[in-house]
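# dropping the sequence and predicted coords here.
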Amino acid sequence: MTKTSSRAGISAYITPEGRARLRDEMSYLWKVKRPQVTQAVAEAAAMGDRSENAEYIYGKKQLRQIDSRLRFLSKRLDELVVVDRIPDDTSRVYFGAWVDVEDDEGNVHRYRIVGPDETDATKNFISIDSPMAKALLRAAEGDEVVVSRPNGPATFVVVLVNYSALLIL
């Protein structure tokens, strides 16, 4: 059973690396970015008329965005469940797995199943909530999975399930 967060249908799982990135972002916003913007707003306010002061207006907008992101990160980090161990059955696809799949045309694609807060197309990190990950969960090497896509279902064969990358992280 997948643990979900207060955001409807969004899983609350995250890798240790994903949690570290969110904490680093929160720390940067709180200790570096927010003080910089606060200083810039104070300097803009000292110039006089705030109603037509673009730097002041923009700075206040930036502060609202930073504060909103800080509130989100604080709440999200409180509800996340860190998955920091490999499963007992490493022959099947579970959270954190690297999975190689082959499509109908013989192309092999590699994905890592991660939490929704750490998806990254450039790294082939896909959310556990995505159609591909949902189709792959509990599959083993040699299994055929069908993924629902907007342009129709697609069939993939699981070529490799790997957790070794987790051991060196």
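The structure has been received and is ready for your questions.
# pull the longest helix from this structure.
For the chain, the helix reaching the highest residue count under DSSP state H is reported as helix 54-79.
# next secondary structure after that helix?
strand 81-82 (DSSP states H and E).
# what strands flank that following strand, and is each parallel or antiparallel?
Taking DSSP bridges as the criterion, strand 81-82 pairs within the sheet with strand 13-14 (parallel).
# mean confidence for the partner strand?
Averaged across strand 13-14, pLDDT comes to 96.
# figure out the helix or strand that the residue nearest to residue 118 when sequence neighbours are not counted lives in.
Spatial nearest neighbour of residue 118, excluding adjacent residues (Cβ to Cβ, 6 or more residues apart in numbering): residue 18 at 3.5 Å. Every residue, glycine included, has its C-beta placed from N, CA and C. In the assignment (DSSP H and E), residue 18 maps to helix 16-28.
# quick one, that helix and helix 54-79 angle?
140 degrees (axes from the mean of the first three to the mean of the last three Cα atoms, to 10 degrees).
# got the contact list for helix 16-28?
Surrounding helix 16-28, the residues in contact under the criterion Cβ atoms under 8 Å, 6 or more residues apart in numbering are 14, 69-70, 73-74, 76-77, 80, 82, 84, 114-115, 117-118, 169.
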